[in-house]
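Undergrad: got a structure for you, letters missing:
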Ligand SMILES: [Mg+2]
């Protein structure tokens, strides 16, 4: 019996990647001499720097501000710029990033469909980030009105895929882990992590259909279904054939 659906936030419900691309492009436009590289390539490079340095933050190698600083300094390098104040530079990006905040187009329809198909279902968001930043995103997009609780790794001191963070999400909304499923865009961090924590299921949202054979084999070995959009979630969770015996 599914009593709760737990979600990742960035790139699962919230269009983080789109906002990052818009943010860096607009930020570069405000800077003199920063137009000489291609927008799409620079957005990709900026995103890859986030992946690298944010992972170092999650691994405890950098603090939150430190990973922002590292991203700004590395990004500036091909422009021959040594940023005197990387924090201020990052704040410039951040303002454009925040202005572009939006949910992914299938997020609200998915929550509505789940509410109808699974009466009384509870929702939580579990995110590898700092609490304040994620709360702000949820308020600005009105997601906070629909989600029962938000668990952020920054407040808890453990990051996904540590089982403790998934279990904390279940505890806060008062459901047994076996009665909860987790949906996220990262196979190991999100979906397999949730299964390993003892949740009733982990679902991998592979939005860009980029799964490798190795990933598909890992998903199958962990009993993780793969979906391409959140529109597939309600049919998946209400398909009796998918439910596991208690
Ligand atoms: Mg994500």
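TA: Yep, that arrived. The structure presented is a predicted model; accordingly, all values stated were derived computationally and were not measured.
Undergrad: Residue 2 - that's part of a strand, no?
TA: No - counting by DSSP: H, G, I helix; E, B strand; the rest coil, residue 2 is not part of a strand but coil.
Undergrad: Test my guess that it contacts residue 178.
TA: No - contact criterion C-beta atoms under 8 Å: residue 2 and residue 178 do not qualify, at 9.8 Å. Any C-beta I mention is one placed from the backbone N, CA and C, and that applies to glycine too.
Undergrad: Common neighbours of those two, please.
TA: residue 200 (C-beta atoms under 8 Å, 6 or more residues apart in numbering).
Undergrad: which SS class is the closest residue to residue 176 other than its chain neighbours?
TA: Distances taken as C-beta to C-beta, 6 or more residues apart in numbering put residue 170 closest to residue 176, at 6.9 Å, once the chain neighbours are dropped. The three-state assignment at residue 170 reads helix, by three-state DSSP.
Undergrad: For residue 170, give me its contacts.
TA: 4, 6, 124, 176-177, 180, 199 are the contacts of residue 170 under C-beta under 8 Å, 6+ apart.
Undergrad: what's downstream of the helix or strand hosting residue 54, the next helix or strand?
TA: Following DSSP states H and E, one finds residue 54 within helix 39-58. Sequence-wise, the next helix or strand downstream of helix 39-58 (DSSP H and E) is helix 64-76.
Undergrad: Which SSE is immediately downstream of that following helix?
TA: helix 86-99.
Undergrad: what is the rounded mean pLDDT of that following helix?
TA: Helix 86-99 comes out with an average pLDDT of 98.
Undergrad: and the closest residue to residue 184 other than its chain neighbours, how many residues sit next to it?
TA: Leaving aside its sequence neighbours, residue 184 sits nearest to residue 190 (C-beta to C-beta, 6+ apart; 2.5 Å). By other C-beta atoms under 10 Å, the residues close to residue 190 number 27.
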